[in-house]
Each structure stands twice: as C-alpha cells, then as structure tokens.
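1. everything below, folded, please.
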Amino acid sequence: MEPSRILVLDAAPGELLARELERLLDHGLSVTLNLRRVADPAGTRAAWAGRMRFTDFDAFDESALIAETVRDGIGHHAIKSRAGVPLRAAFLAAATDAALTHRLRVIGRAGAGTDHVDLAAAARHGVTVTHTPGSNANAVAEFALAQLLALTRNLPDHNSAAHQGRWSTPSAPAVELSDLTLGIIGLGRIGRALAARATALGMRVQSHTRRPAESPVATTDSLHALLATSDVVSVHLPLTHRTRGLIGRTELASMRPGSILLNTARGGIVDEQALADALTTPTHPLAAAAVDTFEHEHARFASPLSGLPNALLTPHIAGMTGSAMTTAALRCADHIAALLGGRPDAVPVALP
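-> Numbering: from 1, shown residues only. Down below sits the predicted model:
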C-alpha cells in the first residue's frame, strides 16, 4: 500500500527538526519538507536526501501554497503547519479537488488553536483538523508572568537607560505581585496554569469563564466585573466569531485605574486601535499593556501599538520553549498519523 503523503509547511526549528522528521517517517508517511523557514536548507537537504522530498516556497502566499499542494496533480493526504499558515476556502477546495490522485484529508497544527483554518470549509470538503491543545500551557503562563514583571518593575526603560550610560531610579516605589489582583479571561489549560503560578506568588486571582463551576479560583458574574476589579487582566481565549473584538473601547474604559492588560491569546480578541488610543490618553484608566499576538502577523505585521512606550510588544513567542515545541511537534505527528490510519480515538479535532 502506498504511504500517505504529507506536506510539512514549516518544520520545527533547530535540533527539534530531526526529531519531528524522524517521527513522521517512523509513522510510515511520505514526507515533503518545505525548506523556506529551515535555518540550514542545504545541510538539511544533504542530511535527509533519499528519505524525503524537498520544496521551497512561501506558505503564506496562498497561490504558491496551492500550486505546491496540487503540483503535477498528485496532491497530499495531510498538511502540517506550525506558525498558523492561513488555510482558507480556496486552498481547501483546491487541495481536495476530485482530479487529484491524493486528496487532502487531514490538517495538523503543532500548537494550540485552529483559527488559521476555515473550519467550515474544511468540514464541507471532508478535511479533519487537529492540533495540540495544552502543549504550550506552561510556556505561555510563564511568559504572561514575565510580561507582568517587566511592566510592573519597568524593566524595558531601566534596561534602555543603562545601555545609554544613564543611572535611572524609579520615580515611585514599584508594586509587588502580592499587592495585585489578577483577572484571567478564559480558564482553559493556559489560564489554569497561569492561575496556579500567580496564586503561588501571592496574587489574588479571579476569572471570567463559561464554566464557573469548574473554576479553581474565584469567578466574576460578568466580564465587566472582572475588568473593574482587577489590577492586571490576562486574556486566554481562542479566537472565534464570539471572541473577536471582545475587548474594545467600552471594555478598556471599564478597567481599574492604573491597570495592565496582557494578551498572549490571539490577535483580534483585543481591538488594537482601541488599545492604542487608550494607552495614548493620559486620563485613561489603562496604564500599560503587553501584547504577544496581533491581528496581522509575520510578513503582514503592522500594529497601531508600535512605538508606544507603555506597550510591550513581542512577535508571538510566548509558547516557543524547547519543551513546548517538542511536545507540540511530536504530538502533532502522532495525531496526523492516527487520523490517516483511521484511529481517531483520543485525537483532538476542531469543529466549525
């Protein structure tokens, strides 16, 4: 029986690349590796020659993605993505065309979240979408705390001053974490991991969640109540049609004076323009924000938050630790192989 074909759009980085490729090959998959984001493409090609095929294209260019997926009318049974390459209706229609020798059956994301996939179109075309929820929970929770500490202790400004040869001292005493109330929006795996760590550091923690009965911390009756009674608000929700624009001008205006907003979830949940306007208004209750996810990312990155001194911005790196990425890459390979082999039990599947 001919092995199932998988196109790896963006392989795991560094030493993890070999482990991911070996896992895919161990599952008996026929691998085509996109070298575009591989650090050493020539070395990788030489090391794996004869064991897989290679290509090189910009997966974020939909026309290039479609062309490579359906090259020579052969097609692929599975697509693996890490960085959230958009997989929309046009791509899904092309990748499942009946004229292809092998129609797309599975999309795997080595990471949490599937907002990069048009799930309704995938369902229409019979494509199963899987991901690795929880694989980066500890990493993102730790990153949120790092964001908070950087802002409450004003580390970016002190670092900049020292590099400029200036000895800066705080204009006012900083607060300790135990002085603050943390409000968590969304109490999934990441939210719970953050709650546990913040509690251990002495913070008062409360949450707003759809399932308050299952919450290990105090809950508020409404989002407004959480925003109005928290010194720090951390967002941990998936991006869906229900959560898009959840935090806008009205919500930001209801926050506690001197408060901080953290977003390591998804761009689009927080209105970036409304956030930028809040941060540039001296009388606004919001004092600072740390944002790791944006409406437009990668080559399309642009944000009204750029250049604001009270906005700590990072390029969607919260979940990028060795442990988290290893777990995600290997688990994703296992999920894809299980689905292709007709073994869907215990594999997380995203539905429209």
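2. where does the residue lying closest to Glu176 once chain neighbours are set aside land on pLDDT?
-> Spatial nearest neighbour of Glu176, chain neighbours left out: Gly202 (7.7 Å); criterion: Cβ to Cβ, 6 or more residues apart in numbering. All C-beta atoms are positioned from the backbone trio N, CA, C, and that covers glycine. We have a pLDDT of 98 for Gly202.
3. do Arg211 as well
-> 85.
4. then Thr280?
-> In this model, Thr280 is scored at 98, pLDDT.
5. then the one 3 residues further on?
-> In this prediction, Thr283 carries a pLDDT score of 97.
6. ok, Thr128 next?
-> For Thr128, pLDDT reads 98.
7. hang on, isn't it packed against Ile107?
-> Yes - assessed by Cβ atoms under 8 Å, Thr128 is found in contact with Ile107 at 7.4 Å.
8. who has more neighbours out of these two?
-> Using other Cβ atoms under 10 Å, the more surrounded residue of Thr128 and Ile107 is Ile107, with 28 against 21.
9. that one bridge partners, please.
-> Counting by DSSP bridges, Ile107 forms beta bridges with Ile79, Val129.
10. now do it against Ala299, distance only.
-> Distance of Ile107 to Ala299, computed by Cβ to Cβ, to the nearest Å: 21 Å.
11. same question, Ala274
-> Taken as Cβ to Cβ, the span from Ala274 to Ala299 is 25 Å.
12. compare these two (neighbour count), which wins?
-> Ala274 (18 against 8).
13. which helix or strand contains the more buried one?
-> helix 272-279 (DSSP states H and E).
14. can you list contacts of that helix?
-> Helix 272-279 has contacts (Cβ atoms under 8 Å, 6 or more residues apart in numbering) with 247-249, 252-253, 261, 284, 286, 288-289, 291, 294-295, 303-305, 308, 310-311.
15. okay, it in PDB with CA atoms only?
-> Written as PDB, here are the backbone C-alpha positions of helix 272-279 (Å, rounded to 0.1, in the frame of the first residue of the first chain):
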ATOM      1  CA  GLU A 272      -5.600  47.100  18.800                       C
ATOM      2  CA  GLN A 273      -6.700  50.600  17.700                       C
ATOM      3  CA  ALA A 274      -8.800  51.000  20.800                       C
ATOM      4  CA  LEU A 275      -5.900  49.700  22.900                       C
ATOM      5  CA  ALA A 276      -3.500  52.200  21.300                       C
ATOM      6  CA  ASP A 277      -5.900  55.000  21.800                       C
ATOM      7  CA  ALA A 278      -6.300  54.100  25.500                       C
ATOM      8  CA  LEU A 279      -2.500  53.900  26.000                       C
END
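16. name the next helix or strand downstream of it, please.
-> Sequence-wise, the next helix or strand downstream of helix 272-279 (DSSP H and E) is strand 286-291.
17. which elements pack onto that next one?
-> helix 137-152, strand 259-263, helix 272-279, strand 311-313 (3 or more Cβ pairs under 8 Å, 6 or more residues apart in numbering; DSSP states H and E).
18. please enumerate the strands of this protein.
-> 5-8, 30-34, 53-55, 78-81, 106-109, 128-130, 181-185, 204-208, 218-219, 232-235, 259-263, 286-291, 311-313, 349-350 (DSSP state E).
19. mind putting these in TSV, distance to Leu24 included?
-> Below are the strands of the chain laid out as TSV (distance: least, Cβ to Cβ, whole Å):
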stretch	distance to Leu24
strand 5-8	6
strand 30-34	5
strand 53-55	12
strand 78-81	8
strand 106-109	10
strand 128-130	14
strand 181-185	36
strand 204-208	38
strand 218-219	42
strand 232-235	33
strand 259-263	33
strand 286-291	34
strand 311-313	34
strand 349-350	19
